[in-house]
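Student: I'd like to go over a predicted model; first the sequence, then the structure.
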Number of protein chains: 2
Amino acid sequence: MNHETATTAVRANETLHARIKAQILQKIIGGTWKPGYRLPVETDLARDHGVSRMTMNKVLTQLSSEGYLVRRKKSGTFVAQPRSQSAVLEITAIADEVAALGQSYRWELIEQNLRCLSGPERAGFGLPEDGAGPWLALRGLHFAADTPFCLETRVINPSTCPKAVDQDFGPEPPGSWLLRTVPWTSATHTVRAVGAGTDEAGFLVLRKNTPCLEILRETRTSDSWVTRVRLVYPGGVHQLFAQFGPQLTPAQASK
Amino acid sequence: MNHETATTAVRANETLHARIKAQILQKIIGGTWKPGYRLPVETDLARDHGVSRMTMNKVLTQLSSEGYLVRRKKSGTFVAQPRSQSAVLEITAIADEVAALGQSYRWELIEQNLRCLSGPERAGFGLPEDGAGPWLALRGLHFAADTPFCLETRVINPSTCPKAVDQDFGPEPPGSWLLRTVPWTSATHTVRAVGAGTDEAGFLVLRKNTPCLEILRETRTSDSWVTRVRLVYPGGVHQLFAQFGPQLTPAQASK
DNA sequence: GCCAAGATAATGTATGTACATTAAATGGCG
DNA sequence: CGCCATTTAATGTACATACATTATCTTGGC
């Protein structure tokens, strides 16, 4: 039955549903199927991939429980809207964050340039010394109720996100724009406590050396990075929040 | 076939495998089945619960992918070891953390008392004013290579963990002891940047007001809290690290 | 032209069966 | 006694089938 089209014949030895899951996931994170897109019905997908409905069901159920798809009876199966940024660590798009506090939000662009970075700048983003193409450098301030709330310093990789170069980030901050524009991403966060430097203190209206939370986030698509951002929050004001059950990474059981 | 024993007849209307999953999970988080315990084989469990092997397989597969169980072919199915603390946010048991850096580790107990807390102390743990039973109050320092690395301030709820009262936390820090002792837990983390207070600065050998990461963690079993701990790390030294794909909390798909 | 009742099309759940995979247990042979 | 081949007991995967559930669509009555 399963007649293996030429394209799928490549990677063998994984399980059947794992392979199919990967194919579908590729369409989602690659942006071929955009958020909201309704995919073919289960039975058709099963037929197209040459598997039984049960197997396709397993794939779709998994993708749904992982948050890539949303399924509704009778209506069909849809590509999910990107969850702002990790439901786990509640670092939401900053505008949402402020809105959640019931305060008015404003964004102010400070710099937008396609340029190379200085050594210290590169170090601040954890970027290597070598791959030094010109990048889109951005900086801006987020205000809540007219008080500066977060200083954002960002680079965008123009080779993975060329559209960003022509975009004007005056009206809309790059975070939410990227969220809308770039398909699916995974992110890495690093959190530290730092004292406000001279310019941070200036922008955030703090005394120098006030403790601040620094969040460094690297966002990637499949294999190259899209953007790196450093967010500096006045320490006491902001807090991260995370909740866990025992989950992920199956532990070793003793014999 | 499914003759519904008196005990299981209680909660109806959930799906079959959800109910069975809940029953098994209860044995795990309740501690009836301890970490490392080998559970009956799939076919027996299926028979005992009056369902098909496939259904039981679904339950066990899910619990395994959620990290409660570990399954090995031929060997059987085992209750997983509690994953130190959230594989997600890599806040591991502190000794592991230091070991990962390849440094020698030492723990030094400062205080261990069954007593009531002062108002400010309670506030520091985010505890309410009312429920003010006497608690086990602990404080101690973690050293890496003979440098103080983290100041730990903790309360343990004696009503959920009575054994802790008689335990001597001189040799072993309470974090890892609890990890071994208390069955399964979920945790809530709050992260802030603070300036070192007078006593923190003293213990950690810092100048007052040095930026520090403060991690407040509340650990719970099913419905009451077990312990609350405040960990204060010198800012630059420590960093949290978290990696995400899009996951959890299925998003709404547009129609 | 509106509303309600029923049909329908999609996903959701459960079962039975078959065979694959793997690592432990076993047994025989040197 | 120890090693290697074989058996076997457990989980892992895939398929076919049946029926349940539910939101949408359709149809018929007024």
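Tutor: Structure received.
Student: Can you name the residues of chain A sitting close to DNA strand D?
Tutor: A:1-2, A:15-17, A:50-55, A:58, A:72-75 (CB under 7 Å from any atom of the strand). Placement of C-beta: from N, CA and C, glycine included.
Student: Let's see that with 10 Å instead.
Tutor: Chain A comes close to DNA strand D at residues A:1-2, A:14-21, A:43, A:46-47, A:49-59, A:72-76, A:250, as judged by CB under 10 Å from any atom of the strand.
Student: what's the burial count for A:Gln23?
Tutor: By the criterion of other CB atoms under 10 Å in any protein chain shown, A:Gln23 has 14 neighbours.
Student: So it: helix, strand or coil?
Tutor: Three-state call for A:Gln23 (DSSP: H, G, I helix; E, B strand; the rest coil): helix.
Student: Mind pulling up the pLDDT for it?
Tutor: At A:Gln23, the pLDDT value in this model is 93.
Student: Same question for A:Glu129.
Tutor: Looking at A:Glu129, the pLDDT reads 70.
Student: sorry, back to before: if you look at the residues of chain A next to DNA strand D, which of them are in strands?
Tutor: Mapping the residues of chain A next to DNA strand D onto strands (DSSP state E) picks out A:72, A:76.
Student: Now the buried members of the residues of chain A next to DNA strand D.
Tutor: A:17, A:19-21, A:46, A:49, A:51, A:55-59, A:250 (16 or more other CB atoms under 10 Å in any protein chain shown).
Student: Out of the residues you listed, the closest to chain B would be?
Tutor: A:Pro250 (5.4 Å; CB to the nearest CB).
Student: Show me where the stretch 101-250 of chain A has its strands.
Tutor: A:105-115, A:135-144, A:147-156, A:186-195, A:211-220, A:225-234, A:240-244 (DSSP state E, counting those that start in this stretch).
Student: Give me the neighbour count for the residue nearest to A:Tyr37 when sequence neighbours are not counted.
Tutor: Excluding the flanking residues, the one nearest A:Tyr37 by CB to CB, 6 or more residues apart in numbering or on different chains is A:Val79, at 4.7 Å. Applying other CB under 10 Å, we find 26 other residues in the vicinity of A:Val79.
Student: Ok, A:Pro158 next?
Tutor: A count of neighbours around A:Pro158, defined by other CB under 10 Å, yields 15.
Student: any idea of the pLDDT on it?
Tutor: 92.
Student: Report the contact partners of it.
Tutor: A:114, A:133-136, A:164-165 (CB atoms under 8 Å, 6 or more residues apart in numbering or on different chains).
Student: What is the most widely separated pair among the residues you listed?
Tutor: A:Gly133 and A:Ala164 (13.8 Å; CB to CB).
Student: Point out the residues in the stretch 101-250 of chain A that sit beside DNA strand C.
Tutor: So the stretch 101-250 of chain A never meets DNA strand C (CB under 10 Å from any atom of the strand).
Student: Give me the domain ranges for chain A.
Tutor: For chain A, automatic domain parsing gives the domain ranges A:16-79, A:94-234.
Student: got these as CSV, with distance to B:Leu206 columns?
Tutor: Listed next are the domains of chain A as CSV, based on distance: least, CB to CB, whole Å:
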stretch, distance to B:Leu206
domain A:16-79, 41
domain A:94-234, 12
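Student: mean pLDDT for those: which is lowest?
Tutor: domain A:94-234 (a mean of 86).
Student: Backbone dihedrals for the nearest residue to A:Cys116 once chain neighbours are set aside, please?
Tutor: The shortest distance from A:Cys116 to any non-neighbouring residue, by CB to CB, 6+ apart, is to A:Pro134 (5.2 Å). Backbone torsions of A:Pro134, given as degrees, to the nearest 10, read phi -70, psi 140.
Student: Now for A:Pro134, how many residues are close by?
Tutor: A:Pro134, neighbours per other CB under 10 Å, totals 12.
Student: distance of it from DNA strand D?
Tutor: To DNA strand D, A:Pro134 is 46 Å away according to CB to the nearest atom of the strand, to the nearest Å.
Student: ok, that residue touching A:Ile156?
Tutor: No: with contacts defined as CB atoms under 8 Å, A:Pro134 does not count as touching A:Ile156, sitting 11.1 Å away.
Student: Contact partners for the most centrally placed residue in chain A?
Tutor: Chain A has A:Thr185 as the residue nearest its centroid, 4.3 Å off, counting by CA atoms, centre = their mean. The contact partners of A:Thr185, by CB under 8 Å, 6+ apart, come to A:29, A:82, A:219-221, A:226, B:246.
Student: export these to a markdown table and tack on neighbour count?
Tutor: Below are the contacts of A:Thr185 laid out as a markdown table (neighbours: other CB atoms under 10 Å in any protein chain shown):
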| residue | neighbour count |
| --- | --- |
| A:Ile29 | 20 |
| A:Pro82 | 20 |
| A:Thr219 | 23 |
| A:Arg220 | 18 |
| A:Thr221 | 18 |
| A:Val226 | 21 |
| B:Pro246 | 22 |
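Student: What parts of the stretch 51-200 of chain A come near chain B?
Tutor: With the criterion set to CB under 8 Å from any CB of the partner chain, the stretch 51-200 of chain A comes near chain B through A:64-70, A:75, A:78-83, A:85-89, A:184-195.
Student: re the thing from before, I'd like to know which of the contacts of A:Thr185 is nearest to DNA strand C.
Tutor: Proximity of these to DNA strand C (CB to the nearest atom of the strand) peaks at B:Pro246, which lies at 18.2 Å.
Student: Could you check the pLDDT of the closest one?
Tutor: 50.
Student: And for the one 3 residues further on?
Tutor: As summarised for this prediction, B:Thr249 has a pLDDT of 27.
Student: ditto for the one 3 residues further on
Tutor: pLDDT, B:Gln252: 26.
Student: Which ones among the buried ones among the residues of chain A next to DNA strand D map onto helices?
Tutor: A:17, A:19-21, A:46, A:49, A:55-59 (DSSP state H).
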